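A.B. asks: sequence first, then the predicted structure:
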Amino acid sequence: PLKLAIIGGGSSYTPELVEGVLKRLERLPVKEIHFVDIEAGQEKLDIIEALARRMVKKVGADITIKASLDRRAAIKDADFVMTQFRVGGLQARASDERIPLKYNVIGQETTGPGGFAKALRTIPVILDICKDIEELAPNAWMLNFTNPAGLVTEAVLKYTKVKTIGLCNVPVSMKMMIAEMMDCSPNDLSLEFAGLNHLIWAHRAWLEGKDITAEVLEKVGDGANFSMTNIFEEPWDPTFLEALGAIPCPYHRYFYQTDAMLAEEKETALGGGTRAEQVMETEQELFMLYKDVNLDRKPEQLEKRGGAYYSDASLDLVDAIYNDLKTINVVNVRNNGTIATLPDDAVIECSAVVGSWGARPLSVGQLSPAVRGLIHQVKAYEQLTVEAAVHGDYEKGLMALVNNPLVPDIKRAKAILDDILRVNLDYLPQF
Ligand code: NAD
Ligand code: G6P
Ligand code: MN
């Protein structure tokens, strides 16, 4: 029997996760799910607990649902620990999005200085969670969803003994959107994914043995739907896509179309509010629905959030590990030479064979110069951010921002860093 511990159980995404478990009961003998949150999340946690119980009851599953603020009890003897928490809540996210905008820099929760600030808040907490796992469930797998997922996973792999894999819904979503474009089943597609979290390319796309990369790029250039609900769908330049020769992810727009994305962000920030401010409203709506004692499934309104297919990504991974499936999943893991020119201990996001031993990435070798520069620069930023976050090192933090391609000037980097440290003071014990 399996025990799952969910850190950040009060998340509005949790019903999606519960649904993912209930869909797979024949393959996954889950007997206990323990949701953990903090005091500030108690109200949301209570609502989620009651909804999860109704969902379990509806299908007649034999699963004990627990919800508490007792992280150690949740982690003890867990087989899988899933992390989906947000230190500082959506308020902190809103400031991550607004601070860079003041300086004419992209304000996004995972990319650029916003992701940097989120990493500084998150890494001390996750290292603490890992101490509990090392002590109370040393054989558990930690599946990390907490953003910036690649960077946070890198900190865990460098500084703890916990077996961990980072996850994102972007690769699954890209697969679904490409299947839609090609009018085929997602299962018939093979996509060669490699890059970093939120900076991943599908380098080759195959459909029944045929290389369809150029065809997909043409459709994307023609305006086929190819974004997540949280990212503005700025049209791609067809000539650029053809020249790039690899399928970019929706987040690449921040790097390749910075001017347009920045202009759009500034406009929405003035109008309906930044993404965090919009999500606050969606969240309220969702929890109103979750409270309804007649609701016993995941409501459709959850699709307004950017995390679609997130439960499939995580529970397919649990399935692959628990049942030793040796399937190909897209994961965040230690590079170990997969992308030849990146450090071995860098975390990359790529296609990997997953079985009971964990994830073995499929070798990529050399990347073409068309993508090599960007990935190296962003990885340097990520390495420096991990060091800044773990040691509370101001100079490393400054060099992290200076190396981020979205931050063009040291004067602005310093101003942004100082703002971030000041506004987040309560969440940065390491500084
Ligand atoms: P949220 O604001 O609802 O936060 C989830 C819960 O975390 C809240 O109930 C909050 O009280 C709790 N929390 C805060 N600090 C905590 C702590 N120290 N310990 C335990 N719980 C704590 O956030 P959300 O929008 O549901 O997103 C949750 C996380 O998942 C975020 O980090 C987000 O970036 C990430 N996410 C990642 C992906 C992905 O593709 N990797 C997809 C969706 C969401
Ligand atoms: C995408 C990303 C996630 C991110 C989410 C934001 O799905 O992969 O990493 O957390 O979008 O969605 P939101 O609804 O919170 O803006
Ligand atoms: Mn993601």
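C.D. replies: Received the coordinates, thanks. Numbering: from 1, shown residues only. Ligands and ions are numbered 1, 2, ... in the order given.

A.B. asks: can you tell me the SS state at whichever residue of the stretch 251-400 of the chain sits closest to ligand 1?
C.D. replies: Taking CB to the nearest ligand atom, ligand 1 has its nearest neighbour within the stretch 251-400 of the chain at residue 307, 3.3 Å off. Yep, even glycine has a C-beta here, placed from its N, CA and C like the rest. Per DSSP: H, G, I helix; E, B strand; the rest coil, the local secondary structure of residue 307 is coil.

A.B. asks: buried residues in stretch 185-203?
C.D. replies: Going by neighbour count (16 or more other CB atoms under 10 Å), the buried part of stretch 185-203 is 189-203.

A.B. asks: and stretch 233-251, average pLDDT?
C.D. replies: Stretch 233-251 carries an average pLDDT of 97.

A.B. asks: off-centre distance for that stretch?
C.D. replies: In this view, stretch 233-251 has its centroid 22 Å away from the chain centroid, taken as CA atoms, centre = their mean, to the nearest Å.

A.B. asks: residues in contact with that stretch?
C.D. replies: 110-111, 170-171, 174, 178, 191, 195, 198-205, 213-214, 216-218, 220-223, 225-228, 231, 253, 256-257, 260-261, 264, 368, 370-371 (CB atoms under 8 Å, 6 or more residues apart in numbering).

A.B. asks: would you list every one of the strands in the stretch 251-400 of the chain?
C.D. replies: Here the stretch 251-400 of the chain has its strands, by DSSP state E, counting those that start in this stretch, at 327-334, 347-355, 358-361.

A.B. asks: using JSON lines, lay out these together with mean neighbour count, mean pLDDT and distance to residue 155.
C.D. replies: What follows is the strands of the stretch 251-400 of the chain, written out as JSON lines (neighbours: other CB atoms under 10 Å; pLDDT from 0 to 100; distance: least, CB to CB, whole Å):
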{"stretch": "strand 327-334", "mean neighbour count": "22", "mean pLDDT": "98", "distance to residue 155": "12"}
{"stretch": "strand 347-355", "mean neighbour count": "24", "mean pLDDT": "98", "distance to residue 155": "9"}
{"stretch": "strand 358-361", "mean neighbour count": "20", "mean pLDDT": "97", "distance to residue 155": "18"}
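
A.B. asks: Throw the ones you listed into a markdown table and include distance to ligand 1, thanks.
C.D. replies: Output for the strands of the stretch 251-400 of the chain, formatted as a markdown table (distance: least, CB to the nearest ligand atom, whole Å):
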| stretch | distance to ligand 1 |
| --- | --- |
| strand 327-334 | 9 |
| strand 347-355 | 10 |
| strand 358-361 | 15 |
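
A.B. asks: closest one to residue 73 among the ones you listed?
C.D. replies: Among those, strand 358-361 comes nearest to residue 73, with 26.1 Å by CB to CB.

A.B. asks: packing partners for the closest one?
C.D. replies: The helices and strands touching strand 358-361, judged by 3 or more CB pairs under 8 Å, 6 or more residues apart in numbering; DSSP states H and E, are strand 163-166, strand 327-334, strand 347-355.

A.B. asks: before we move on, back to that, and the residue of the stretch 251-400 of the chain closest to ligand 1, how many neighbours?
C.D. replies: Residues contacting residue 307 under the criterion other CB atoms under 10 Å number 22.

A.B. asks: write out the residues of this protein neighbouring ligand 2.
C.D. replies: For the chain, the residues in contact with ligand 2 (CB under 6 Å from any ligand atom) are 110, 147, 168-170, 228, 230, 275, 279, 305-307.

A.B. asks: out of those residues, which are inside helices?
C.D. replies: Of the positions in the residues of the chain next to ligand 2, 170, 275, 279 sit in helices, assigned by DSSP state H.

A.B. asks: ok, now how distant is the first one from ligand 1?
C.D. replies: When you say that, I think you mean residue 170. To ligand 1, residue 170 is 6 Å away according to CB to the nearest ligand atom, to the nearest Å.

A.B. asks: is ligand 1 contacted by stretch 34-41?
C.D. replies: Yes. Stretch 34-41 lies within reach of ligand 1 by CB under 6 Å from any ligand atom, at 36-38, 40-41.
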